[in-house]
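**Student:** my questions concern the predicted model and sequence given below.
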Amino acid sequence: MRITAIETLRLSRGITVHAGPVQWLWVRVHTDSGLIGLGETYPHPESEEAVVLSRLAPRLLGEDPRRIEGLWTSMFDAVAYSGWAGAELRAIGAVDMALWDLLGKSLGAPVYQLLGGATRSRIRTYNTCYDHISFLDEPERLAESLLEQGIRAMKIWPFDPIAKQTEGQWITPALIRQGIDPLRRIHTRFGDDMQVAMEFHGYWNLRCAIDIARACEEYQPMWLEEMLPQDNMDAYRELASSTSLPLTISERLMTTWQHRELLANRAARIVMPDISWCGGITEARKIANQAATHLLPVAPHNCGGPVLHAATMHLAAAIPNLYIAESVRRHYADEYLPVTGASPLPKDGFFDLPAGSGLGVDLLPEVMERPDLTRRRVEE
Ligand SMILES: [Mg+2]
């Protein structure tokens, strides 16, 4: 089997998350067998598209797509001078995902089977609350609606608006009480029935993060995620030693090498790579293995489009050290429908193992007819 063309697809209509509108980029790897592999990344599709078509495609055309590890090394070599992160690595992640999809399709097997097979019969999930119900205004109603669907863990970021006011450089006891209020209300109403993860998006300095972390302890959140920017692991170590709560760090770390530093530092109690950002399924599996040697679990970051969502479920099915997999109800129940059709829903807070060969997800034919579609292709 040989790669004959690399194609990118993106829609100009995006979806909105905390940082504003984002759009997904899909990569299709075409072969002389007629099989097509599908991968995805985000959130800057024009930049990622340029890397895929101009820098990675020349390393891929004519190659056997089943040489996934060798092609990863070749792609990384093509962009490594630019650094370890950014659009270059996200582009590699999307292509790598497509290569695993292609390998699965060629063998008639789901990707999790190729990763060593399932280590569990179902995948525990929590909901990240980009929801139609606001966690700031109606935290109890949001928690109740998730519990009605059997989802018993949720993630919120009520300190983000306060960080916008203070640039994350100062905070007062009153503002801490304001930020904690949704956590307190959910904990008071539902107790252990609903676990709450607190997300901070790296907005705070160390001084404020310590104060906020200590104030959260009373309500026992599931974790504190990315309280600080990613640039100083020593500061994270100091934060970890200042609170009894577990820290999660986090989707903005890339590659096995950055995760090696994190794990050696021992600040994180839960590791959170994003498959489409850290370098693909190939790299995410290695990061999970690294974490396992430190007796740490993985909670894969999954806040993008439907192909990343599928890839996350395959990885989550296969790795032995899964803590819990992220998912977004608004995405799988709503945003994915126009592009990939109906998506499996969780039952009692768990997803079934993914079905179908490869990643088991494909773009609908209607997507190819959309007026807001940009489609580019490089051929042999
Ligand atoms: Mg995060």
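**Tutor:** On my side now, so go ahead. Residues are numbered from 1 along each chain as shown.

**Student:** low-scoring pLDDT stretches of the stretch 1-150 of the chain, where are they?
**Tutor:** Scanning the stretch 1-150 of the chain with the threshold set as pLDDT under 70 gives 82-83.

**Student:** that one: strands as residue ranges?
**Tutor:** Secondary structure of the stretch 1-150 of the chain (DSSP state E, counting those that start in this stretch): strands at 3-11, 15-17, 20-22, 25-31, 36-41, 122-128.

**Student:** check the stretch 151-300 of the chain too.
**Tutor:** Assigned by DSSP E, counting those that start in this stretch, the stretch 151-300 of the chain shows strands spanning 153-156, 195-199, 223-225, 247-249, 270-271.

**Student:** in JSON lines: these, plus mean pLDDT.
**Tutor:** Below are the strands of the stretch 151-300 of the chain laid out as JSON lines (pLDDT from 0 to 100):
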{"stretch": "strand 153-156", "mean pLDDT": "98"}
{"stretch": "strand 195-199", "mean pLDDT": "98"}
{"stretch": "strand 223-225", "mean pLDDT": "98"}
{"stretch": "strand 247-249", "mean pLDDT": "97"}
{"stretch": "strand 270-271", "mean pLDDT": "98"}
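
**Student:** tell me which of those lies nearest to residue 298.
**Tutor:** With C-beta to C-beta as the criterion, residue 298 lies closest to strand 270-271 of the strands of the stretch 151-300 of the chain, at 5.1 Å. Just so you know, the C-beta spots here come from the backbone N, C-alpha and C atoms, and that holds for glycine as well.

**Student:** need the strands of the stretch 1-150 of the chain in CSV with mean neighbour count and distance to residue 107, can you?
**Tutor:** As requested, the strands of the stretch 1-150 of the chain are exported to CSV (neighbours: other C-beta atoms under 10 Å; distance: least, C-beta to C-beta, whole Å):
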stretch, mean neighbour count, distance to residue 107
strand 3-11, 21, 17
strand 15-17, 16, 33
strand 20-22, 12, 33
strand 25-31, 25, 14
strand 36-41, 27, 12
strand 122-128, 22, 22
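
**Student:** I'd like those laid out as TSV, including distance to residue 266.
**Tutor:** Converted to TSV, those look like this (distance: least, C-beta to C-beta, whole Å):
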stretch	distance to residue 266
strand 3-11	40
strand 15-17	30
strand 20-22	32
strand 25-31	35
strand 36-41	30
strand 122-128	24
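
**Student:** nearest spatial neighbour of residue 49, skipping sequence neighbours?
**Tutor:** Setting aside the residues directly before and after it, residue 49 is nearest to residue 8 in space (C-beta to C-beta, 6 or more residues apart in numbering), at 4.4 Å.

**Student:** again with residue 2
**Tutor:** Ranked by C-beta to C-beta, 6+ apart and with sequence neighbours excluded, the top spatial neighbour of residue 2 is residue 32, at 4.9 Å.

**Student:** who's in contact with that neighbour?
**Tutor:** 1-2, 4 (C-beta atoms under 8 Å, 6 or more residues apart in numbering).

**Student:** with distance to residue 216 added, can I get these in CSV?
**Tutor:** As requested, these are arranged in CSV below (distance: C-beta to C-beta, whole Å):
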residue, distance to residue 216
1, 52
2, 54
4, 53
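
**Student:** that older thread, of all the strands of the stretch 151-300 of the chain, which lies closest to residue 174?
**Tutor:** strand 195-199 (18.3 Å).

**Student:** now do that closest one against strand 122-128, angle only.
**Tutor:** Strand 195-199 and strand 122-128 are oriented at 60 degrees to each other (axes from the mean of the first three to the mean of the last three C-alpha atoms, to 10 degrees).

**Student:** how about the strands of the stretch 1-150 of the chain, which one is nearest residue 368?
**Tutor:** Ranking these by proximity to residue 368 (C-beta to C-beta) places strand 3-11 first, at 8.2 Å.

**Student:** the closest one - contacts with which helices or strands?
**Tutor:** When contacts are defined as 3 or more C-beta pairs under 8 Å, 6 or more residues apart in numbering; DSSP states H and E, strand 3-11 packs onto strand 25-31, helix 45-51, helix 57-60, strand 373-379.

**Student:** could you redo the last one with a cut-off of 6 Å?
**Tutor:** When contacts are defined as 3 or more C-beta pairs under 6 Å, 6 or more residues apart in numbering; DSSP states H and E, strand 3-11 sits against strand 25-31, helix 57-60, strand 373-379.

**Student:** give the contact list for the spatially closest residue to residue 362 that is not a sequence neighbour.
**Tutor:** Leaving out its chain neighbours, the residue that sits closest to residue 362 by C-beta to C-beta, 6+ apart is residue 38, at 6.2 Å. Residue 38 makes contacts with 28, 98, 101, 307, as judged by C-beta atoms under 6 Å, 6 or more residues apart in numbering.

**Student:** over to residue 372?
**Tutor:** 11-13.

**Student:** can you give me the end-to-end span of stretch 238-258?
**Tutor:** Distance between the two ends of stretch 238-258: 19 Å, counting by C-alpha to C-alpha, to the nearest Å.

**Student:** who does residue 298 bridge with?
**Tutor:** residue 271, residue 322 (DSSP bridges).

**Student:** what about it, distance to residue 315?
**Tutor:** The gap separating residue 298 from residue 315 is 8 Å, by C-beta to C-beta, to the nearest Å.
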